[in-house]
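>>> sequence first, predicted model second:
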Amino acid sequence: MQKLWFKRKRYGWGWRPATWQGWVVTAGYVAGVLFFASTIGPNPNPREWFFMLLLPFLILSVTFIRIAYKTGEAPRWQWGESKDTTA
């Protein structure tokens with residue numbers, strides 16, 4: 001079995017990075033969001049706001065979630081340690 005880049009969160013729904021590859025993907029996502037956030041001027045018009053911030057943020061987020069879904073454990077709601085011995 002392939003090593004998982006992302007593990008299921010202990011509390012709630014989602015993932016957390018588990019390997020260096022997961023941390024690189026997470027850092028790239030954060031860097032991308034910060035980069036596009038820094039391109040917005042002090043008074044952006046709606047078109048600039050959409051194409052320079054919202055659209056790139058949505059594309060980055062969808063890409064990040066797809067990578068985490070393909071390289072991580074199956075997500076599910078969880079509260080505390082898993083009682084499932086097969087996981």
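Nice, I can see it. Numbering: from 1, shown residues only.

>>> how far is the strand or helix carrying T63 from where the chain is centred?
Assigned by DSSP states H and E, T63 belongs to helix 55-71. Distance, stretch centre to chain centre, for helix 55-71: 6 Å (CA atoms, centre = their mean, to the nearest Å).

>>> same check, this time on stretch 10-26
8 Å.

>>> same question, stretch 5-20
With CA atoms, centre = their mean, you get 10 Å for stretch 5-20.

>>> please work out which residues outside that stretch touch it.
3-4, 21-23, 25-26, 67-68, 71-82, 87 (CB atoms under 8 Å, 6 or more residues apart in numbering). Backbone N, C-alpha and C define where each C-beta goes, glycine included.

>>> just the terminal-to-terminal distance for that stretch.
8 Å (CA to CA, to the nearest Å).

>>> buried set for that stretch?
5-6, 8, 15, 17-18 (16 or more other CB atoms under 10 Å).

>>> out of the residues you listed, who's nearest W49?
Closest to W49 out of the buried residues of stretch 5-20 is W15 (29.1 Å), distances taken as CB to CB.

>>> identify the bridge partners of the closest residue to that closest one other than its chain neighbours.
Nearest non-adjacent residue to W15, counting by CB to CB, 6 or more residues apart in numbering: F6, 3.7 Å away. Counting by DSSP bridges, F6 forms beta bridges with P17, G72.
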